[in-house]
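Colleague: sharing a model that was predicted from the sequence below.
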Amino acid sequence: MNFKDLGLGPEVLKAIEERGYNTPTPIQAAAIPLILMTRDIIGLAQTGTGKTASFILPMIEILYGGRARSRMPRSLILEPTRELAAQVAENFDIYGKYHKLTKALLVGGASMGDQVKLLDRGVDVLIATPGRLLDLFERGSVLLNDIKILVIDEADRMLDMGFIPDIERIVSKVPPVRQTMLFSATMPPEIKKLGDRFLTNPKQVSVAPPATTAETVKQWLVWTRRPDKKKMLESILRKEDVKNAFIFCNRKKDVGELARWLQGRGYSAAPMHGDMPQSMRTQTLQSFREGKIVLMVCSDVAARGLDISGVSHVFNFDVPFNAEDYVHRIGRTGRAGLDGCSWTIAAEGDDEKSVVAIERLIKKSIPVESLGGSGGGEHSRNDRRDNRRDERRDEGRRPERSPDRRPERSPDRGDRPGGRPPRDRNDRPVRSDPPPRRDNREGPADDAFGTKFGDDLPDFLKRR
């Protein structure tokens, strides 16, 4: 099968051919005909399998020939991050070059005034992040009552980032009669409920089981102590033939720290996280694409959905908190049928549960590699786990006592070396009678005291 068999027009086919593509990916071959039939679909596929083109190509065909009105876009694509939204906009420019379709990119970190000017002219395709779209909607700069096609991309990442309430609010503003498409790499129960609410009789397109990793990616796991993780990363970088790589950290503050450490060791590295200005993020991403930067140290949010061809390696400097993020991370390599390699650096004593959750999700064990005596291999990893379990069990166990043995009474003090001999109770000294108490009521002092007040003393002054 090739793209000509999918029902696409000659202009789109010409743009695809200029990009060097002839055969559609499985998700494209399954989704494009259904979208051209205006069906609601739920697309499930691994990252790097062409999900973006699977809805962009038919959208160009459907929207071609219509006309947009001021502040009333005809279609809406929701993306979780600015980089992914910019990537989708770039794909529209590439594949829609022979169509006179207009678009607007609404993301944070860019001039809101320029975005408003584009909306005033009227756009066919609106590509936005939820936050900026709601800001402009509340200002009255954009109206959503003419949306005919709605695409919710990277729905599972939307869920992780807490965008679902914003998505629900946005969907409530668009017309109920529309074509809706939902794309995701995984299908947690919350996303399924979302599809049941927003889609009408959807057709599910799944080209791979949910939360599976690509066969083109070789996966490795190394164990080390947490203070030695940087040294372990450097050992892997020296061992591997790294053309370019993503290095993932769980925390934004660790992204900058690790990038500076790598730069100090002589590596071409740069950080990328959500707190960076949009202009700097765009420049860093472009430098990485051009090969000026070899190692991109980033967070999950910043790198989610980025389509950069030819990435040779992915390094998980931190084991992801969410097991599904592991699938998205290593999906940055091994794209478009190319081979890739991923390394996960796990901290002994901290990451055992997270690794087990990942292996349970992907339904296979990650091969363990030992480097410089720090990894330990599969057997040592299991031994460490068993030893820790035995230690925890022994800590809460009382020492066992033989049933035939009773505790002996301690010897008397007289039997102890240097102790005092026991004393008989009859030898105790007998307390003598107390001395007679002196009666202070008798004596001349008392008479003298009484005569000074006369014979008629009050009762409370009389001594009894």
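Modeller: Structure received.

Colleague: just the CA coordinates of stretch 280-290, formatted as CSV?
Modeller: Extracted as CSV, the C-alpha positions of stretch 280-290 are listed here (Å, rounded to 0.1, in the frame of the first residue of the first chain):
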residue,chain,number,x,y,z
MET,A,280,15.5,30.1,24.3
ARG,A,281,13.6,26.8,24.1
THR,A,282,13.1,27.3,20.3
GLN,A,283,16.8,28.2,19.8
THR,A,284,18.0,25.3,21.9
LEU,A,285,15.8,22.9,20.0
GLN,A,286,16.9,24.2,16.6
SER,A,287,20.6,23.9,17.7
PHE,A,288,19.9,20.3,18.7
ARG,A,289,18.3,19.6,15.3
GLU,A,290,21.3,21.1,13.5
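
Colleague: ok, the closest residue in space to Arg39 that isn't next to it in sequence - contacts?
Modeller: The shortest distance from Arg39 to any non-neighbouring residue, by CB to CB, 6 or more residues apart in numbering, is to Lys203 (5.2 Å). C-beta: built from backbone N, CA, C; applies to glycine. Going by CB atoms under 8 Å, 6 or more residues apart in numbering, Lys203 touches 34, 39-42.

Colleague: just these: which are in helices?
Modeller: Members of the contacts of Lys203 lying in helices (criterion: DSSP state H): Leu34.

Colleague: which ones among the contacts of Lys203 map onto strands?
Modeller: Here DSSP state E is the test, and the contacts of Lys203 give 41-42 as lying in strands.

Colleague: with pLDDT, distance to Met276 and neighbour count added, can I get the contacts of Lys203 in a markdown table?
Modeller: Shown next, in a markdown table, are the contacts of Lys203 (pLDDT from 0 to 100; distance: CB to CB, whole Å; neighbours: other CB atoms under 10 Å):
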| residue | pLDDT | distance to Met276 | neighbour count |
| --- | --- | --- | --- |
| Leu34 | 95 | 38 | 18 |
| Arg39 | 95 | 40 | 18 |
| Asp40 | 96 | 37 | 19 |
| Ile41 | 94 | 35 | 23 |
| Ile42 | 94 | 33 | 24 |
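
Colleague: okay, now the unreliable bits of the stretch 151-300 of the chain?
Modeller: 208-211 (pLDDT under 70).

Colleague: if we go to 50?
Modeller: By pLDDT under 50, the stretch 151-300 of the chain has no low-scoring segment.

Colleague: what segments of it are helices?
Modeller: 155-160, 164-171, 189-198, 229-239, 252-264, 278-289, 300-303 (DSSP state H, counting those that start in this stretch).

Colleague: which one of those lies closest to Gly331?
Modeller: Nearest to Gly331, of all the helices of the stretch 151-300 of the chain, is helix 300-303, at 10.2 Å by CB to CB.

Colleague: show residues contacting whatever helix or strand comes next after that closest one.
Modeller: Per DSSP states H and E, the first helix or strand lying C-terminal to helix 300-303 is strand 313-316. Identification of contacts with strand 313-316 by CB under 8 Å, 6+ apart yields 217, 233, 236, 240, 242-248, 326, 329-330, 332-333, 340-345.

Colleague: if you set the cut-off to 6 Å instead, what comes out?
Modeller: By CB atoms under 6 Å, 6 or more residues apart in numbering, the residues outside strand 313-316 that reach it are 242, 245-248, 329-330, 332-333, 341-344.

Colleague: that older thread, out of the helices of the stretch 151-300 of the chain, flag the one nearest Met112.
Modeller: Taking the helices of the stretch 151-300 of the chain one by one with CB to CB, helix 278-289 is closest: 12.2 Å.

Colleague: flag every buried residue along the closest one.
Modeller: 281-282, 284-285, 288 (16 or more other CB atoms under 10 Å).

Colleague: which helices and strands sit right next to that helix?
Modeller: With contacts taken as 3 or more CB pairs under 6 Å, 6 or more residues apart in numbering; DSSP states H and E, helix 278-289 sits against no other helix or strand.

Colleague: give me the distance from it to the chain's centre.
Modeller: From the chain centre to the centre of helix 278-289 is a distance of 22 Å (CA atoms, centre = their mean, to the nearest Å).

Colleague: same question, stretch 288-295
Modeller: Computed by CA atoms, centre = their mean, the separation of stretch 288-295 from the middle of its chain amounts to 25 Å.

Colleague: which one of the buried residues of helix 278-289 is nearest Asp275?
Modeller: Of the buried residues of helix 278-289, the one sitting nearest to Asp275 (CB to CB) turns out to be Arg281, at 9.8 Å.

Colleague: not counting its neighbours along the chain, what's nearest that closest one?
Modeller: Nearest residue to Arg281 in three dimensions, chain neighbours excluded: Met272, at 6.0 Å (CB to CB, 6+ apart).

Colleague: ok, now Pro80?
Modeller: Going by CB to CB, 6+ apart, Pro80 has Arg157 as its nearest residue, at 4.5 Å.

Colleague: ok, Trp261 next?
Modeller: Closest to Trp261 by CB to CB, 6+ apart is Lys230, at 6.0 Å.

Colleague: now do Gly334
Modeller: Using CB to CB, 6+ apart, the nearest residue to Gly334 is Gly340, at 3.2 Å.

Colleague: same question for Gln28.
Modeller: In space, Gln28 is closest to Ser54, 4.5 Å off (CB to CB, 6+ apart).

Colleague: what backbone torsions are found at the one you found?
Modeller: Backbone geometry at Ser54, expressed as degrees, to the nearest 10, gives phi -70, psi -20.

Colleague: I'd guessed it sits against Ile27; true?
Modeller: Yes. With contact defined as CB atoms under 6 Å, Ser54 counts as touching Ile27 (5.1 Å).

Colleague: who has more neighbours, those two?
Modeller: Ser54 (27 against 24; other CB atoms under 10 Å).

Colleague: for the more buried one, give me its contacts.
Modeller: Contacts of Ser54 (CB under 6 Å, 6+ apart): 27-28, 31.
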